[in-house]
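> with the input below, show me the fold.
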Amino acid sequence: MMPAAISQDNLPGGAWATDLDYCPTLSDAGRRMLEHLRSHPAAPVYTNRSGNKLLAHEVEALRDYEREVMDAVIGWQPGEPPAWMAAFLRQAWVSVPHYRACGSPPARLADVPPISRADLASDIASFVPDDADLARMINFQTTGTTGHPLLIPSHPLVAGRYLAFHKRALRRFGVTLRHGTGQVGVMLLGHQRRCFTYVSVTPAMGESGLAKLNLHVDDWHHPDDRARYLDAMAPELVAGDPISFAELLTLPMTHRPAALMSVSMMLLPGMRARLEQRFNCPVLDIYSLNEVGPVAVFDEAAGGHVLLQHRLYVEILDGEGRPVPQGVRGEITVTGGFNFCLPLVRYRTGDYASLAHGPHGPVLLGLAGRSPLRYRTASGEWINNIDITHALKPLAIALFGVHQQQDGAVVLRLAPGAMAQAGQARALLAPFFGAITVEVLLAEDKIIQYTSDLQEALA
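Sure, this is the predicted structure:
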């Protein structure tokens, strides 16, 4: 998601007294926009205050950075790190305590042992460069699904850079963001019982409005206000995840944004097609990580997720940390990135894909979060969890879980709003497992989608 929640407090009053504390470059037009977002009769109950924290010279720096991102060519080849890599590694070994403790700078990237989320969770401070501006640093916590809570160091400039990569992704689908002063640019949607919500402005886009909304009815004076507010604000871009988009589909919203952008979770093609049909606009599936930012966007013409960052090198590693041949699935491992508070070297993301190179540059094929599992079919054969994903593609569902029990029985868990598709889901999985059990999935946040009690399931 676009991380505009920079300096944040638990109550709308916050630790600071005014919006200027959160948005240092706020103009009269920006103040009017914040009032517009807050005072509409259908506005939700915003639970927090937040802002971009950008200084005037940083806003100009972001405009320059955006031009760099939009003009960049990502054309490195497998096994051939890009030209910027050598200087990046030298700087990391000079300024980052963790890497400096490893000894002399490596002659090759392949000589560096990979790291994981657990390494960051155990001592995140050792991965922060010595010259990081602690007074301007932002720290936010993410829990993920791996059992390793993580505090991520960042900076207002880092958060502001997300927009450049989202614009690069949108350009692939013919969308150029144009909203500026007096207009609402972005709505970020959530659908949770508890959700951090706020209003802000985007200085690099003429202080266009930005709001994080929770579509859960508890955050609104009346359930019908959700559609009224979205229509009245008319955001140019709506971003969310499959859960919040599933709720959006239930609302009688008439506004048509320029695009929808899905982040955070797997977006099934069936759900994407339903959103495209309803809102008559491109629906982007962004692969993004809190530790790395936007990594890639799905492009059907390219056959997978096309990389977005020009200073991020991607390897695909096996379980022993060795690069796999092109086209072979393995763990997505990254070096570089745009977060100068957290330079990463061979960071194992916990997500899996294969990598191909072609006219679209490096492309991640068959992207799937978390470790791959295999499932035992009714005939005793084994299939990959990706086969299950492919089987369920026709369904317009936002969230699901598939679990195989010790006796081989399979349980499919669907969110309450998707239970009407239980019969179709049974039919799609019947060729693999015969009869399956369908249960209600009560989670409203990220889950581990594929699980198994079988010891042999770890692929």
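
> now the helices for this structure?
Using DSSP state H, the helices of the chain run over residues 19-22, 28-39, 56-71, 85-95, 97-100, 117-122, 156-171, 225-233, 242-248, 269-279, 385-391, 422-433.

> counting by contacts, list what the lengthiest strand in the chain packs against.
Counting residues, the longest strand found in the chain (DSSP state E) is strand 344-358. Applying 3 or more C-beta pairs under 8 Å, 6 or more residues apart in numbering; DSSP states H and E, one finds that strand 344-358 contacts helix 117-122, strand 283-289, strand 304-307, strand 312-317, strand 330-336, strand 361-369. Any C-beta I mention is one placed from the backbone N, CA and C, and that applies to glycine too.

> thinking again about what came up before, quickly compare the helices of the chain and say which is most buried.
helix 242-248 (a mean of 24; mean count of other C-beta atoms under 10 Å).

> out of the helices and strands packed on strand 344-358, flag the one nearest Q449.
Nearest of these to Q449, taken as C-beta to C-beta: strand 361-369 at 7.4 Å.

> could you tell me the least trusted of the helices of the chain?
Ranked by mean pLDDT, the helices of the chain end with helix 385-391 at the bottom, a mean of 78.

> in JSON lines, list the helices and strands packed on strand 344-358 along with distance to Q404.
Formatted as JSON lines, the helices and strands packed on strand 344-358 follow (distance: least, C-beta to C-beta, whole Å):
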{"stretch": "helix 117-122", "distance to Q404": "25"}
{"stretch": "strand 283-289", "distance to Q404": "26"}
{"stretch": "strand 304-307", "distance to Q404": "27"}
{"stretch": "strand 312-317", "distance to Q404": "26"}
{"stretch": "strand 330-336", "distance to Q404": "22"}
{"stretch": "strand 361-369", "distance to Q404": "17"}
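
> and D28, which of these is closest to it?
It is, among these and with distance given as C-beta to C-beta, strand 283-289, at 33.6 Å.

> so the chain: which segments form each domain?
19-70+159-287, 75-147+292-367, 374-457 (automatic domain parsing).

> winner for burial among the ones you listed?
The most buried one of the domains of the chain (mean count of other C-beta under 10 Å) is domain 19-70+159-287, showing a mean of 19.

> turn the domains of the chain into a markdown table, including distance to P153.
Output for these, formatted as a markdown table (distance: least, C-beta to C-beta, whole Å):
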| stretch | distance to P153 |
| --- | --- |
| domain 19-70+159-287 | 12 |
| domain 75-147+292-367 | 4 |
| domain 374-457 | 22 |
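
> rank these by pLDDT, which is bottom?
Looking at these, the bottom one is domain 374-457 with a mean of 85.

> ends of that domain, how far apart?
End-to-end distance for domain 374-457: 5 Å, by C-alpha to C-alpha, to the nearest Å.

> stretch 323-331 now?
9 Å.

> what's next to it, contact-wise?
Contacts to stretch 323-331, defined as C-beta atoms under 8 Å, 6 or more residues apart in numbering, come from residues 78-79, 110, 315-319, 348-357, 365-366, 372.

> go with 10 Å
Residues from elsewhere that reach stretch 323-331 (C-beta atoms under 10 Å, 6 or more residues apart in numbering): 77-79, 109-110, 114, 116, 315-319, 321-322, 333, 348-357, 365-368, 371-372, 384, 386, 459.

> and the pLDDT at the residue sitting nearest the centre point of the chain?
Residue closest to the average C-alpha location in the chain (C-alpha atoms, centre = their mean): S288, at 3.3 Å. S288 carries a pLDDT value of 93.

> that one pairs with what?
With DSSP bridges as the criterion, S288 is bridged to P294.

> make 29 the first number, not 1, from now on.
Will do, 29 is the new start, and the previous item becomes S316.

> ok, it - contacts?
Contacts of S316 (C-beta under 10 Å, 6+ apart): 29-31, 190, 193-194, 197, 289-292, 322-325, 336.

> go on, E343?
106-107, 109, 137-138, 142, 349-352, 358-363, 374, 376, 383 are the contacts of E343 under C-beta under 10 Å, 6+ apart.

> kindly recompute the last result at 7 Å.
By C-beta atoms under 7 Å, 6 or more residues apart in numbering, the residues touching E343 are P351, T361.

> relative to P110, how far out is it?
E343 sits at a distance of 12 Å from P110 (criterion: C-beta to C-beta, to the nearest Å).

> swap in E328?
From E328 over to P110 (counting by C-beta to C-beta), the distance is 26 Å.

> show me where the stretch 129-278 of the chain has its strands.
Ranges of strands in the stretch 129-278 of the chain, per DSSP state E, counting those that start in this stretch, are 166-170, 178-182, 212-218, 226-230, 236-242, 265-268.

> could you export those strands as TSV, including distance to E96?
Below are the strands of the stretch 129-278 of the chain laid out as TSV (distance: least, C-beta to C-beta, whole Å):
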stretch	distance to E96
strand 166-170	22
strand 178-182	19
strand 212-218	21
strand 226-230	18
strand 236-242	22
strand 265-268	21
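
> nearest to P422, out of those strands?
strand 265-268 (21.9 Å).

> residues in contact with that closest one?
Under C-beta under 7 Å, 6+ apart, the answer for strand 265-268 is 29-30, 205, 213-218, 285-291.

> given it, what are its sheet partners and their directions?
strand 212-218 (parallel), strand 287-290 (parallel).

> wait, which of these is closest to R59?
strand 212-218 (14.8 Å).

> just how off-centre is stretch 286-294 within its chain?
Offset of stretch 286-294 from its chain centre (C-alpha atoms, centre = their mean, to the nearest Å): 8 Å.

> again, but for stretch 143-158
On C-alpha atoms, centre = their mean, the centre of stretch 143-158 falls 20 Å from the chain's centre.

> contacting residues around that stretch?
123-126, 174, 176-179, 181, 369-371, 374-376, 378.

> same thing but at 10 Å, please
For stretch 143-158, contacts defined as C-beta under 10 Å, 6+ apart pick out 119-120, 122-129, 141, 162, 165, 167, 170, 172, 174-181, 317-319, 359, 361, 368-378.

> start and end of that stretch, how far apart?
20 Å.

> bridged to R404, which residues?
W410.

> that one contacts N412, doesn't it?
No: assessed by C-beta atoms under 10 Å, R404 is found out of contact with N412, at 11.8 Å.

> one step back: can you check which of the helices and strands packed on strand 372-386 gets nearest to H68?
strand 311-317 (26.2 Å).

> just the angle for the closest one relative to helix 184-199, thanks.
Using axes from the mean of the first three to the mean of the last three C-alpha atoms, to 10 degrees, one finds that strand 311-317 and helix 184-199 are set 150 degrees apart in direction.

> send the alpha carbons of strand 311-317 over as PDB?
Once non-C-alpha atoms are left out, strand 311-317 reads as follows in PDB (Å, rounded to 0.1, in the frame of the first residue of the first chain):
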ATOM      1  CA  VAL A 311      -7.200  -3.400 -12.100                       C
ATOM      2  CA  LEU A 312      -3.500  -3.700 -11.200                       C
ATOM      3  CA  ASP A 313      -2.100  -6.600  -9.100                       C
ATOM      4  CA  ILE A 314       1.000  -5.200  -7.300                       C
ATOM      5  CA  TYR A 315       3.500  -7.500  -5.600                       C
ATOM      6  CA  SER A 316       4.700  -5.400  -2.700                       C
ATOM      7  CA  LEU A 317       6.600  -6.000   0.500                       C
END
